[in-house]
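Chemist: Only the shape, not the letters, is given here:
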């Protein structure tokens, strides 16, 4: 969604998983939204939440996603750190660790977190590369870059525009930098929806 330019939907979908992260300090493999409970509580350190957080920050420059990086990092350090590396959680509820660390944790999860912490990294400033679904860099040709456009959130009039200048950490007052980029009403509904204790 993010790379396609559907930022509004991406922000709202990310918020659902952010709510689950707040509830469990990890993401269960399967969560039943209807029953509001984990059906498969394993957390193998998957990269998708860190990746989406990275891509949303790159797309919006909203400092809320920098707050997310801290939450992800703190949770992993608290619950997944093991004597020799980082461990899969057998259960996001009990936080019991398994003697296993998937390779995608190092190749993807850590890469996206690293880039979220190192904002001056050259990869964060280049537009001629894109990450594949496996977290590998792939060069984008000049021709493809000329054809790429980004859409303004809530822009339904099909007029493409570059929005990178609209959002920056400096454009947000300090007291608003930890506020999510969605409405209080949506947040209230999300808290009720996943039975989040806040």
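Modeler: Thanks, I have it. Since we're looking at a predicted model, the values are computed, not measured.
Chemist: how about residue 141, what does it touch?
Modeler: Residues near residue 141 by CB atoms under 8 Å, 6 or more residues apart in numbering: none. The way it works is simple: take the backbone N, C-alpha and C, and place the C-beta from them, glycine included.
Chemist: Going forward, the N-terminal residue is numbered 18.
Modeler: Sounds good: first residue 18 from here, last item residue 158.
Chemist: Check the offset of stretch 81-91 from the chain's centre.
Modeler: Counting by CA atoms, centre = their mean, to the nearest Å, stretch 81-91 is centred 9 Å from the centre of its parent chain.
Chemist: got it, and stretch 146-166?
Modeler: Chain-centre distance of stretch 146-166: 19 Å, with CA atoms, centre = their mean.
Chemist: What residues sit buried inside it?
Modeler: 148, 152 (16 or more other CB atoms under 10 Å).
Chemist: do the same with stretch 131-139
Modeler: Buried residues in stretch 131-139, counted by 16+ other CB under 10 Å: 132-133.
Chemist: can you list contacts of that stretch?
Modeler: Here stretch 131-139 has contacts from 67, 70-71, 74, 82-83, 86, 90, 140-141, using CB under 8 Å, 6+ apart.
Chemist: Type out the ChimeraX command that picks the buried ones from the residues you listed.
Modeler: Filtering those down to the buried ones (16+ other CB under 10 Å) takes a single ChimeraX command:
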select :67,70,71,74,82,83,86
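Chemist: Select from the contacts of stretch 131-139 every entry located in helices.
Modeler: 67, 70-71, 74, 82-83, 86, 90 (DSSP state H).
Chemist: Most widely separated two among these?
Modeler: Largest separation among those by CB to CB: 74 and 90, giving 13.8 Å.
Chemist: Contacts only, for the residue lying farthest from the centre of the chain.
Modeler: Most distant from the centre of the chain: residue 160, at 28.9 Å, with distances by CA atoms, centre = their mean. For residue 160, the contact set (CB under 8 Å, 6+ apart) is empty.
Chemist: Assign it to helix, strand or coil.
Modeler: Recorded secondary structure, residue 160: helix (DSSP: H, G, I helix; E, B strand; the rest coil).
Chemist: Now for this protein, the helix or strand with the poorest mean pLDDT.
Modeler: helix 159-164 (a mean of 69; mean pLDDT, DSSP states H and E).
Chemist: got CSV for the ones in helices among the contacts of stretch 131-139, with distance to residue 121 too?
Modeler: Shown next, in CSV, are the ones in helices among the contacts of stretch 131-139 (distance: CB to CB, whole Å):
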residue, distance to residue 121
67, 11
70, 16
71, 15
74, 20
82, 21
83, 23
86, 18
90, 17
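Chemist: Tell me how many other residues surround the nearest residue to residue 55 once chain neighbours are set aside.
Modeler: Residue nearest to residue 55 in three dimensions, not counting chain neighbours: residue 45, with 4.3 Å by CB to CB, 6 or more residues apart in numbering. Residue 45: 20 surrounding residues under other CB atoms under 10 Å.
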